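Trainee: what follows is a predicted structure for the sequence shown.
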Amino acid sequence: LAKTTQPISMDSYEGQEVNITCSHNNIATNDYITWYQQFPSQGPRFIIQGYKTKVTNEVASLFIPADRKSSTLSLPRVSLSDTAVYYCLVGDGKRDDKIIFGKGTRLHILP
Amino acid sequence: NAGVTQTPKFQVLKTGQSMTLQCAQDMNHNSMYWYRQDPGMGLRLIYYSASEGTTDKGEVPNGYNVSRLNKREFSLRLESAAPSQTSVYFCASLTGGAGLGGYTFGSGTRLTVV
């Protein structure tokens, strides 16, 4: 499983766009980049996954540069309810069994 | 509803007591996991099971044992609970396929050891 590095915490204000970057220098050819969101007292839930370039869904966008050594989760016009911990995972879903989530990024949205 | 079911939701133990946390999934997933989450911290992997009949240690296995009873059930046992094991425990299963987007988590067990 590729090691990932992301900021421990971030603050932003309601209505702003928030970008959280994850570094994964040893990403393998078959690996995907996956982001999860965790609210207090709940298990993480899937947000978005991508392999290259850009992926967008109703919740977020994921930007992946050509070298795939990093990725950026973009949350448009955040609200207080986006306050959560965000985890970046990198793996192919087939050979990786020991899935480690790490500390994630604690995002705090201010009014 | 399909998903991961954990029992109990809350538990208070005295130091030295034992207990088993139960987890069951009805999605026919091969891989199952146990994580713990301390206040303000990320998830730490305790044990995992890549398939029925196999289990492996994660990051923090000391003080725990697991059993993959069948494809559906993966239990976590604390033989002699310690205050350091006070935490929220999450069970999860992972569907196969490309990437790691197929995790389903249970609602967690909040354990307090006094």
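Mentor: Structure's in. What do you need?
Trainee: output the below-cut-off pLDDT ranges for chain B.
Mentor: Residue ranges of chain B with pLDDT under 70: B:1-2.
Trainee: in it, what residue comes closest to chain A?
Mentor: Nearest to chain A in chain B, going by Cβ to the nearest Cβ, is B:F105, at a distance of 2.6 Å. (C-beta placed from N, C-alpha, C; glycine too.)
Trainee: can you tell me the closest non-neighbouring residue to that residue?
Mentor: The shortest distance from B:F105 to any non-neighbouring residue, by Cβ to Cβ, 6 or more residues apart in numbering or on different chains, is to A:G43 (2.6 Å).
Trainee: hmm, B:Y89 and the one you found touching each other?
Mentor: No. If you go by Cβ atoms under 8 Å, A:G43 and B:Y89 don't touch, sitting 10.4 Å apart.
Trainee: give the residues shared as contacts by the two.
Mentor: By Cβ atoms under 8 Å, 6 or more residues apart in numbering or on different chains, A:G43 and B:Y89 have these common neighbours: B:G108.
Trainee: what's the distance between the residue nearest to B:F105 and B:Y33?
Mentor: 11 Å (Cβ to Cβ, to the nearest Å).
Trainee: same check, this time on B:T104
Mentor: 10 Å.
Trainee: the two: which is more packed in?
Mentor: Comparing B:T104 with B:Y33 by neighbour count (other Cβ atoms under 10 Å in any protein chain shown), the higher total belongs to B:Y33, at 27 against 19.
Trainee: quick one: that one and B:C91 touch, right?
Mentor: Yes. With contacts counted by Cβ under 8 Å, B:Y33 reaches B:C91, the gap being 6.9 Å.
Trainee: hey, what's in contact with both of those two?
Mentor: Shared contacts of B:Y33 and B:C91, defined by Cβ under 8 Å, 6+ apart, comprise B:F74.
Trainee: nearest residue to the residue lying farthest from the centre of chain B other than its sequence neighbours?
Mentor: The centre of chain B is farthest from one residue, B:A98, which by Cα atoms, centre = their mean lies 23.5 Å away. Using Cβ to Cβ, 6+ apart and skipping the chain neighbours, the partner closest in space to B:A98 is A:G93 (5.5 Å).
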